[in-house]
Structure formats: structure tokens, C-alpha cells
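J.: attaching a predicted model along with its sequence, questions to come.
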There are 2 protein chains.
Amino acid sequence: MAEVPDRPLRADARRNREKVLRAAQEAFAEHGMGVPLDEIAGRAGVGPGTVYRHFPTKEALFEAVVAARMQDLITAARAGAHAADPGEAFFGFLALLADEAGVKRDLSDALVAPPAVATSLRTDLRAALEVLLTRAQQAGAVRDGIRVDDLFALLKGLMAALVETADDARDRLIAVVVDGLRAPR
Amino acid sequence: MAEVPDRPLRADARRNREKVLRAAQEAFAEHGMGVPLDEIAGRAGVGPGTVYRHFPTKEALFEAVVAARMQDLITAARAGAHAADPGEAFFGFLALLADEAGVKRDLSDALVAPPAVATSLRTDLRAALEVLLTRAQQAGAVRDGIRVDDLFALLKGLMAALVETADDARDRLIAVVVDGLRAPR
DNA sequence: AACGATACGGAACGCACGCCCCGGTTGGCA
DNA sequence: TGCCAACCGGGGCGTGCGTTCCGTATCGTT
């Protein structure tokens, strides 16, 4: 996915690319995908033109920033695919996701964004989540009837709820959703 | 809130005002507050200038559209304030809200919008919700520890989750949140 | 040291949108 | 019917933002 250039980048180009990525990471995390690109360029101490030399579009930059974190989530989800306690694995993943989302707006934007953004990443995450969910359901830890798409919608909502919410309230909100997902007694 | 003009409106003005309101209602319900004002004007068969003759700002138009529905919610919430079964009243209100929100984007936008929008309506809704929530908690139908602000955040999230979600999935999502709100055990 | 390729910066463009203005039109009253 | 105020329409302004262009600076090689 990440193309390796035919010839190595010039030293300053490589440096600037890094600066842009770092600045974008901060800016996206704080304000979501809505940040003006000029602000990102400004934080990086670079002109807008330079940003576009490295990333063809704002969306591409966003994906580049989110990709790593998204990949981490996917890895975490896959890691739980064979856990001894499927319920724990499932809810542990939820907690992880919620933790990230509470502070980083970019991640929640990545899930809420139009389907064209980060498509392959979302597909992978979906697949990994499906395993987690199915196993948790078979183990009786999560109620039946819930589908992966339901889960995505739920996560989308949870993200929206967590954005700009006080830390102490976050745990309560997460608890509500988690307990709602548990199999009825 | 809605000023009654010193002198009655001219016939065509009155007619156009109605047309604008109807068009705005449709447009806001479909696409949320993000619709271009020109589109609303277009649907109403009217120029943008005419819209601004009747509503000083786009926000004002939005509030005018949402006010009625919001008022209904507030009324419904207040109606449940003395219900025999506080739990039923609380969850019934939630169902009502979710029903509206699933189809009408405007309502959810009204809750998610910056606090400056529809402030007094939100304050009233908040107050009415507080009664519902507290009584439901005292009756043991809703878990303790949940605050009104938590509820608002939760509703905000639920709205986000319900937007652009298939009808059959909606019930499942609502069920998750509702069961999560129920008192444990 | 010098030259060509590479990359930089920021001014400028196009577009979308909220909002305003003004020449023309229409409704209601005498 | 004729007049005046009220009202309409849409062109236009200002702004913010994504994206592009190009003259200039910098790198890396000979």
C-alpha cells in the first residue's frame, strides 16, 4: 500500500515528510479531519505546497496518519481471536478502542468518515471484529442477534458520545454500552 | 420566542414563509443542518434573499424548524414526570426519541449542535429529562451513577449510531443501550 | 565549484457557502 | 384604478478551504 519510491528521497524531503506527518498526527488527533490543511502545514513549519508534494490529497494524508493506529487496532483484534476467554477478549478490545477514541478525534473520524476513506483498513478491522464477536457470542458473553454492522454502528455512536466528554463520565458511558452488549441473564 | 409582527404579513409573504418552512423541514430532516441554504430556497421555489427576509440567519431557520418537534419531546418528557411506572416512562421516552432520530437528521443535529443553538429548548429538555431519570433511578429501573449529562452524551451517541442505519438494525442498537441503562442484576 | 535535478514556499485559483443589496414586482388600501 | 409600501429574486460580496503553479532555493553529484 505504501509505495516505495523508485529513487530515495532527498534528505530535506525526507525530513519535511516526517515533520508533516507529525504535525498532521497532532492536528488530526485534536480537531479531527476538519482541520484546515494550512494549519497542518503551519505546525510543520512548511508551505501547503510541500504537503501536497508528499501526499496527493488531504484524505491521503489523513489515511497515512490513521493507518498506523488503525493497524494497531486490527492487530489487537486479531490477537484476541484465539484467546482463552472470548468474552474478555471482546470487551478488552472495546475498552482499548474506547480509550483511544476518547482522546484522539482522528480515530473516531476514521470510522465515521465516508466509506471511501480507509476502505481496506476498515475491511480488515471488520473481519477481525467479526471473529471476536462471533466467538464471544458462542461463549455466551455477548447477546445473540448482534451483527458486525451493528457493532460498527454502535462503535460509531460510542465514539460520538465520547468526544468532548469528561474523563470521569467516559467510564460510565462505556459501562452502559458494554453491559448492554452482555448476554441477558 | 417567535415574535408576532406588529402588522400582519402580506398574503404572498405569509405564503412564502410557509413554503420556506416546509422546504427547510424536508431538507434539514434529510441532510441535517449541513444543507446549503440555496438548496432550501430552491426547494421552496424562492430566492435566497426571501429566506433571509423571514429568518435572520440559517441557525434561526433551523431552530424554527426544530422547535416544534423539540417541544413535543419536552412535552412528552414532562408528561411522564408523574407516571405510575417511572421506568416505563423513562424508557418509553427513549424509544420515542430514537424513533424520531432514526429518520430525521435534524433532531439529532439539534442535540449535537454547538450549545449556542436552541439553547433554551435544550435546557428545558434537560430539566424534563432529569426528572424522568431521577424517578426511574429511585424506582430501581435505571442504574445509579448515571447523570443527566451522561444521558445527553449517550443520546448524542445513539443518534449518531442510528443515522444511516437500516431499520431492522435500529431496534437492536436501541436494545443494547436500553439494557445497558437498566439497573444491573 | 558548478550544474542539473529535486524540492520548497506561498501566492493564487476555483469552489462552496452564508449573507446582503437593489432594481423590479406585487399586494392592499384609498 | 392608481399609488405606495412591502416584498421578491438573484446577482454579488466576503470568507474559508482544498488544490495547483511557478519562481526560487537546496541538494547531491561530477
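T.: Great, that's in hand.

J.: which residues sit against stretch A:163-174?
T.: The contact list for stretch A:163-174 (C-beta atoms under 8 Å, 6 or more residues apart in numbering or on different chains) reads A:94-95, A:98, A:101-102, A:105, A:108, A:158, A:161-162, B:145-147, B:149-150, B:153-154, B:157. Using the backbone N, CA and C atoms, a C-beta is placed for each residue, glycine as well.

J.: and it, which residues are buried?
T.: By neighbour count with 16 or more other C-beta atoms under 10 Å in any protein chain shown, stretch A:163-174 contains the buried residues A:Val163, A:Thr165, A:Ala169, A:Arg170, A:Arg172, A:Leu173, A:Ile174.

J.: the fifth one: helix or strand, and which one exactly?
T.: For A:Arg172, the host element (DSSP states H and E) is helix A:167-181.

J.: where are the low-confidence patches of chain A?
T.: Within chain A, the ranges that satisfy pLDDT under 70 run A:1-6, A:185.

J.: switch the cut-off to 80
T.: Counting by pLDDT under 80, the ranges of chain A that qualify are A:1-7, A:183, A:185.

J.: who's in contact with the helix or strand harbouring A:Ala127?
T.: Assessed by DSSP H and E, A:Ala127 sits inside helix A:119-138. Contact with helix A:119-138 is made by A:1, A:63, A:66-67, A:70-71, A:73-74, A:77-78, A:80-81, A:86-87, A:89-91, A:93, A:110-111, A:115, A:142-144, A:146, A:148, A:151-152, A:183, as judged by C-beta under 8 Å, 6+ apart.

J.: any of the contacts of stretch A:163-174 buried? List them.
T.: Among the contacts of stretch A:163-174, those buried by neighbour count (16+ other C-beta under 10 Å) are A:94, A:98, A:101-102, A:105, A:108, A:158, A:161-162, B:146, B:150, B:153-154, B:157.

J.: how about A:Pro48, what does it touch?
T.: Residues in contact with A:Pro48 (C-beta under 8 Å, 6+ apart) are A:Leu37, A:Asp38, A:Ala41.

J.: could you redo the last one with a cut-off of 6 Å?
T.: A:Asp38, A:Ala41 (C-beta atoms under 6 Å, 6 or more residues apart in numbering or on different chains).

J.: cool, A:Leu111 as well?
T.: Counting by C-beta under 6 Å, 6+ apart, A:Leu111 touches A:Lys156.
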